[in-house]
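Asker: output the structure for:
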Amino acid sequence: EVQLVESGGDMVQPGGSLRLSCAASGFSFSNYDMSWVRQAPGKGPEWVSRIIMGGGERQYYADSVRGRFTISRDNAKNTLYLQMNSLKPEDTALYYCARDFRVGAYDYWGQGNQVTVSA
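Answerer: Down below sits the predicted model:
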């Protein structure tokens with residue numbers, strides 16, 4: 001059974017940092033591209049970042065987070081990460097890790113992890 005379990009969400013002040021983790025199981029993690037997707041209150045899902053199966057050589061970011069967020073993966077630990085720095089109130093959302101089955105499409109999602117940025 002494929003499982004994606006996120007952790008690390010919290011409430012932080014603007015300018016703060018958080019690191020999200022996503023523990024994967026039930027599939028060959030290293031063989032899949034992985035993404036982070038977020039959904040803010042009252043809005044639709046927004047793709048945040050993607051990393052290819054091979055690891056850190058190829059990373060992609062939404063314009064809204066480029067330069068502030070860093071996606072990474074540890075294939076030995078079957079874990080995906082999202083380091084978020086210089087957080088802004090508009091980053092407040094439920095953050096999901098997702099397994100890509102093609103660019104922009106996902107076949108498995110985690111349960112979501114809340115990130116709240118507020119003074």
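
Asker: from A119, how far out is the most centrally placed residue in the chain?
Answerer: Closest to where the C-alpha atoms of the chain average out (CA atoms, centre = their mean) is W36, at 2.9 Å. In this structure, W36 lies at 24 Å from A119, with CB to CB, to the nearest Å as the measure. For glycine as for every other residue, the C-beta is placed from the backbone atoms N, C-alpha and C.

Asker: coming back round to it: for the residue nearest to the centre of the chain, give me its contacts.
Answerer: By CB atoms under 8 Å, 6 or more residues apart in numbering, W36 lies in contact with 20, 22, 47-50, 71, 80, 82, 95-98.

Asker: one more: P89?
Answerer: P89 sits next to 14, 117-119 when contact means CB under 8 Å, 6+ apart.

Asker: closest one of these to Q59?
Answerer: Of all the contacts of P89, Q59 sits closest to V117, with 22.3 Å by CB to CB.

Asker: count of residues packed around that closest one?
Answerer: Neighbour count of V117, defined by other CB atoms under 10 Å: 20.

Asker: strands - which of the contacts of W36 land there?
Answerer: Counting by DSSP state E, the members of the contacts of W36 that fall within strands are 20, 22, 47-50, 71, 80, 82, 95-98.

Asker: make CSV out of those residues and add pLDDT, distance to D107 and neighbour count.
Answerer: Supplementary listing: the ones in strands among the contacts of W36 in CSV, determined by pLDDT from 0 to 100; distance: CB to CB, whole Å; neighbours: other CB atoms under 10 Å:
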residue, pLDDT, distance to D107, neighbour count
L20, 98, 20, 25
C22, 98, 15, 26
W47, 97, 15, 18
V48, 98, 18, 24
S49, 97, 18, 22
R50, 96, 14, 20
I71, 95, 19, 22
L80, 96, 15, 28
L82, 98, 20, 26
Y95, 98, 18, 23
Y96, 98, 13, 22
C97, 98, 13, 29
A98, 97, 8, 22
